[in-house]
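Peer 1: Model the following, please.
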Amino acid sequence: MEEKITPHMVSSKDTFADSEYIEWVHEIKQRYRNSQIKAAVKVNSEQLLFNWQLGRDLVIRKAEEKWGTGIVEQLSLDLQAEFPGAKGFSARNLWFMKQWYTFYSTNSNATVLISNMETQFVGTDSKLNQLGSEIHEQKLNQTGSEMIFPSVFAYVPWKHHILIVQKSKSIDEALFYIQKTIEGSLSRNALDDVIRADLYHSSGNALTNFTEQLPMVQGKLAQEILKSNYDLGFVSLPEGYDEDALEDILEQRMTRFLLELGDGWAFVGRQKEIIVSGKTRKIDLLFYHIYLRCYVVLELKVKPFDPEFAGKLNFYVNAVNEYVKRDSDNPTIGLLICKDMDRTEVQLAFQGITTPMGVATYDNVKIKEITDHLPTAEQIQQQIELAEKEYRMNITKA
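Peer 2: Numbering: from 1, shown residues only. Sure thing, here's the model as predicted:
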């Protein structure tokens, strides 16, 4: 009778696969996958290193000054003639290489910022650490003003680099999108969407204590969700408006405000009442964030940050945790949006507070002029003409 084949059996004749064999095969497969990834990264690294060096040569040799303004086009023709099957030697691509090297090498802080970024990746569970340190250890001999090829760049495809350099206005912004590309394995289209959404300026820059007071995953997501500044350009209020007026208009235009807050926000209520020790307390605005799975207490202030604001926000966050939050919800976070703030004051105010909170600012509220509430000259003239007409009609009837 033929023996039944089980998952621990293989089709090869006279061979039985026990658990040790299965584990060994799994290790071999994993090693091979890792070697494939390393090979792909190595190839990308070598190509990027070539592009970096060529861009460096065009800058350091001052090629256009030495051989004329058409030298890049000539170099393109010479390289394509020598390597007819190779891609990437168009004049346009060579100009990109020069732009790429120039973008980083002309900034005095670039080397330090890139070094900090590489240090952040090494020693974590990032790809840079998982795939070994071969690329990270790779350095060029630096001479004169030459800039070393940043090894972390090897994990970002060439066309991604072109897009980042073209769209970024600073080294910080470029490195932000490089990091996002590595962490999310972003395609070029996905990266383009992230850049178009201006993620660098719109998220992750609020002043918070999330890193210290939230679990790592939730804290990182919460930090990315909050903005450092909220654009209330869709709001018009009279000069000297107070917090009630600002709340009123935001409640009336909540759909637009939710768009400004970002994805995942759900409005719970305004002046949400909570009874604490027999006293009624009212929260300016209460939201629930779907992705964070937690309540967000939002307090509005029409004046600059004051340290006492932190204590009040801390009280409300704790109250929501005590009386509103369910066991399935994550810890409530607090967000104070004020007219302006001093970062040192905020940091000092946060010391000793264990509830997760952030402070951001708002701007672009449109101020209504008094004339907005007065009739125009045309309206006054119409009223006069109407009054005269009614007067004549009454005289005629009399």
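
Peer 1: So K227, which state does it fall into?
Peer 2: With DSSP: H, G, I helix; E, B strand; the rest coil as the basis, K227 sits in coil.

Peer 1: cool, and L335?
Peer 2: Applying three-state DSSP: L335 is strand.

Peer 1: same deal with A86?
Peer 2: coil.

Peer 1: Contacts only, for it.
Peer 2: Contact analysis of A86 by C-beta atoms under 8 Å, 6 or more residues apart in numbering lists L79, Q80. C-beta here means a position set from N, CA and C on the backbone, and glycine is covered the same way.

Peer 1: Distance-wise, check it relative to F153.
Peer 2: Look at A86 and F153: by C-beta to C-beta, to the nearest Å, they are 21 Å apart.

Peer 1: same deal with A319?
Peer 2: Distance from A319 to F153, by C-beta to C-beta: 48 Å.

Peer 1: neighbour-wise, which of these two wins?
Peer 2: F153 (23 against 19; other C-beta atoms under 10 Å).

Peer 1: wait, what's in contact with the more buried one?
Peer 2: Per C-beta under 8 Å, 6+ apart, neighbours of F153: L48, W52, H161, I178.

Peer 1: 10 Å instead, please
Peer 2: If a contact means C-beta atoms under 10 Å, 6 or more residues apart in numbering, then F153 has 44-45, 48-49, 51-52, 100, 104, 114, 118, 135, 160-161, 178, 182 as its contacts.

Peer 1: which of those are buried?
Peer 2: 44-45, 48-49, 51-52, 100, 104, 114, 135, 160-161, 178, 182 (16 or more other C-beta atoms under 10 Å).

Peer 1: between these, which is nearest Q80?
Peer 2: N51 (15.5 Å; C-beta to C-beta).

Peer 1: Once you drop chain neighbours, what's closest to the closest one?
Peer 2: M97 (4.7 Å; C-beta to C-beta, 6 or more residues apart in numbering).

Peer 1: so that neighbour makes contact with I162?
Peer 2: Yes: judged on C-beta atoms under 10 Å, M97 makes contact with I162 at a distance of 9.3 Å.

Peer 1: Hmm, N44 is touching K159, no?
Peer 2: No: taking contacts as C-beta under 10 Å, N44 lies outside contact range of K159: 11.2 Å.

Peer 1: where does this protein have low pLDDT?
Peer 2: 1-17, 37, 120-145, 197, 202-205, 369-381, 391, 394-398 (pLDDT under 70).

Peer 1: Kindly recompute the last result at 50.
Peer 2: 1-10, 123-144, 370-372 (pLDDT under 50).

Peer 1: which residue ranges form the strands in this protein?
Peer 2: Remark: strands assigned in the chain by DSSP state E are 207-208, 229-231, 236-238, 265-276, 279-289, 294-300, 333-338, 357-363, 366-368.

Peer 1: ok, I225 - contacts?
Peer 2: Contacts of I225 by C-beta under 10 Å, 6+ apart are 203-204, 206, 210, 261-265, 289, 291-292, 296, 333, 335, 358.

Peer 1: ditto for G278
Peer 2: No contacts exist for G278 under C-beta under 10 Å, 6+ apart.

Peer 1: Also I71?
Peer 2: L58, R61, A63, E64, E65, L94.

Peer 1: what does C294 give?
Peer 2: With the criterion set at C-beta under 10 Å, 6+ apart, C294 makes contact with 214, 218, 222, 287-288, 320-321, 325, 329-333, 356.

Peer 1: By neighbours, which of the residues you listed wins?
Peer 2: Neighbour-wise, the contacts of C294 (other C-beta under 10 Å) top out at I333, 30 neighbours.
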